[in-house]
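Asker: From the sequence below, what's the structure:
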Amino acid sequence: MVYLELERRGYDIGYLRTREGWEVDFCAVQPLGKSLLVQVCSDVNSPETLERELRALQSVSPLYPDAASLLITLDSAPPKIELPKNIQWYPAIEWLLNKNME
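Answerer: All right, here's what the predicted structure looks like:
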């Protein structure tokens, strides 16, 4: 769903693999240059799952300083820990319905 929505919004979409072998689900770039780094996960209630999703974003975000880093989940409540300042969390339903959440 997230891939299709990024495509509908006009992004060129790829993925990234860090030097450590971690993956960022989507690296999305609009023709005008707006960039997103996006991790998608069904739920991040497990500390191990949340850590896995965040470490990939944190690893690549210095290489893409102008890109917004997003964590999109099916959860309706935010993760139980405070996220790094450069990472924004969105519940999937809200992100899908509001194209300004980028």
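
Asker: helix, strand or coil for the most centrally placed residue in the chain?
Answerer: By Cα atoms, centre = their mean, the chain has its centre lying nearest to Val38, at 2.1 Å. At Val38 the chain is in strand, as set by DSSP: H, G, I helix; E, B strand; the rest coil.

Asker: confidence score at Asn45?
Answerer: Here the pLDDT value assigned to Asn45 is 88.

Asker: Same check on Leu4?
Answerer: At Leu4, pLDDT is 95.

Asker: Kindly export the strand or helix carrying it (C-alpha atoms) in CSV.
Answerer: Under DSSP states H and E, the secondary-structure element containing Leu4 is helix 2-8. In CSV, the C-alpha atoms belonging to helix 2-8 read as follows (Å, rounded to 0.1, in the frame of the first residue of the first chain):
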residue,chain,number,x,y,z
VAL,A,2,2.8,2.4,0.9
TYR,A,3,4.7,1.7,-2.3
LEU,A,4,1.5,2.3,-4.4
GLU,A,5,0.8,5.5,-2.6
LEU,A,6,4.3,6.8,-3.0
GLU,A,7,4.0,6.0,-6.7
ARG,A,8,0.6,7.8,-6.9
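
Asker: Any chance you could list what contacts it?
Answerer: Outside helix 2-8, the residues that touch it by Cβ atoms under 8 Å, 6 or more residues apart in numbering are 13, 25-26, 28, 36, 38, 40, 72, 92, 95-96. In this view, the C-beta of every residue, glycine as well, is placed from N, C-alpha and C.

Asker: re earlier: residues in contact with the residue nearest to the centre of the chain?
Answerer: Taking Cβ under 8 Å, 6+ apart as the test, what Val38 contacts is 2, 6, 24-28, 69-72.

Asker: Between those, which sits nearest Glu53?
Answerer: Leu71 (6.0 Å; Cβ to Cβ).

Asker: starting at the chain centroid, how far to the strand or helix carrying that closest one?
Answerer: With elements taken from DSSP H and E, the one containing Leu71 is strand 68-73. Relative to its parent chain, strand 68-73 has a centroid offset of 3 Å by Cα atoms, centre = their mean, to the nearest Å.

Asker: which two in the contacts of helix 2-8 are spaced the farthest apart?
Answerer: Longest span within the contacts of helix 2-8, Cβ to Cβ: Ile13 and Ala92, 16.6 Å.
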